[in-house]
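J.: model this:
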Amino acid sequence: MSTSLMCLTFKEPLLQLRLKEEDISVWVIGIIFSMDTITYTLTSTVLNFVPETKKNFQKIVAAGTFFFLFGMLLTGPVPFLPNKVSVICVGILVGGIGGALINNNCVPALNQILEHQLKHYSNEQTNCLKNYLSAINTGAFGFGSILGPILASLLGSATNFAWSFTICSALVLVVVVIQLLAVAKKSDDLIKRAGDGQFSSIYMSEDDRENFGIQEQRKPFNKEKEGSMRSADGRLTQFPDMASPEVKSQGRV
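T.: Residues are numbered from 1 along each chain as shown. Next up, the predicted model:
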């Protein structure tokens with residue numbers, strides 16, 4: 001969210017100065033400034049016609065970062081592209097699409113993550129986490145709105161218009177990589193799913209389980225299976241790291 005607002009507000013201190021070099025009238029400059037708002041609105045409208053059950057919000061947000069990357073590269077534009085106002089306008093239009101994909105789907109993406117990966121939490125705990133994430137998202141919204149103009153002013157004073165957007169594009173590229181890793185991250189890296197579809201928190205630390213109040217839902221005791229886990233002298237042969245300290249101190253592991 002911070003990246004989205006940073007990109008949307010990055011052009012504000014610099015674009016007007018760049019367009020004045022082309023001897024463009026004020027009303028045309030106003031239209032160019034509103035181009036990303038036009039594509040933002042159109043993209044948001046189109047997304048509303050897609051059923052919520054068919055949306056993968058995480059991938060939509062990841063796609064939004066790609067649009068922002070290409071939009072920033074074109075708005076500069078980067079040194080190897082033609083330095084024309086038409087290229088800048090295309091970049092602004094593309095950036096508006098990225099803004100709609102991220103801003104309208106960031107909170108639903110967080111809720112989707114909670115729904116599919118934190119099923120072992122109680123409803124009260126899940127609602128609490130949703131409130132926390134919503135607050136963080138709101139803070140990120142404001143932080144990005146502040147960061148964009150400040151960063152643009154600093155880069156604009158140190159370099160020119162094109163290189164300012166190129167450097168900002170490099171920052172967006174880092175976010176793109178992080179977002180791709182987040183989408184590709186499997187839930188099994190943090191939460192192991194048992195064969196019957198129930199979650200187990202044995203791979204979480206004791207502090208995490210205590211902080212979130214997670215209580216392991218253990219399966220009924222199976223004597224046959226338990227017997228296969230012990231050697232002839234009664235020692236535990238599987239999962240020794242899960243044994244209690246008392247068992248370990250008695251040398252039964």
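J.: Strands of the chain, residue ranges please.
T.: Assignment of strands within the chain using DSSP state E yields the ranges 192-193, 199-200.
J.: Show me this structure divided up by domain.
T.: In terms of domains, the chain is parsed into 2-185, 192-249 (source: automatic domain parsing).
J.: Let me have the ones you listed in a markdown table, extended by mean pLDDT and mean neighbour count.
T.: All C-beta spots, glycine's among them, are computed from the backbone N, C-alpha and C. Shown next, in a markdown table, are the domains of the chain (pLDDT from 0 to 100; neighbours: other CB atoms under 10 Å):
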| stretch | mean pLDDT | mean neighbour count |
| --- | --- | --- |
| domain 2-185 | 86 | 17 |
| domain 192-249 | 48 | 11 |
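J.: what residues are up against Phe57?
T.: Asn105, Cys106, Pro108, Ala109, Asn111, Gln112 (CB atoms under 8 Å, 6 or more residues apart in numbering).
J.: Is Val87 in contact with Pro77, as I believe?
T.: Yes. The pair Val87 and Pro77 passes the contact test of CB atoms under 8 Å, sitting 4.8 Å apart.
J.: which one of the contacts of Phe57 sits closest to Asn56?
T.: Gln112 (7.8 Å; CB to CB).
J.: What distance do you get for the nearest residue to that closest one once chain neighbours are set aside to Ala63?
T.: Counting by CB to CB, 6 or more residues apart in numbering, Gln112 lies nearest to Phe57, which is 5.0 Å off, once chain neighbours are set aside. Per CB to CB, to the nearest Å, Phe57 is found 11 Å from Ala63.
J.: same question, Asp36
T.: Distance from Asp36 to Ala63, by CB to CB: 16 Å.
J.: got it, and Gly142?
T.: In terms of CB to CB, Gly142 sits 24 Å off from Ala63.
J.: swap in Leu147?
T.: Relative to Ala63, Leu147 is positioned 22 Å away (CB to CB).
J.: quick one, helices of this protein?
T.: With DSSP state H, the ranges of helices along the chain come out as 2-10, 15-20, 26-33, 35-48, 57-75, 85-103, 106-117, 123-158, 161-184, 206-212, 223-228, 245-249.
J.: ok and the third one relative to helix 85-103, angle-wise?
T.: It refers to helix 26-33. On the basis of axes from the mean of the first three to the mean of the last three CA atoms, to 10 degrees, helix 26-33 is oriented at 40 degrees to helix 85-103.
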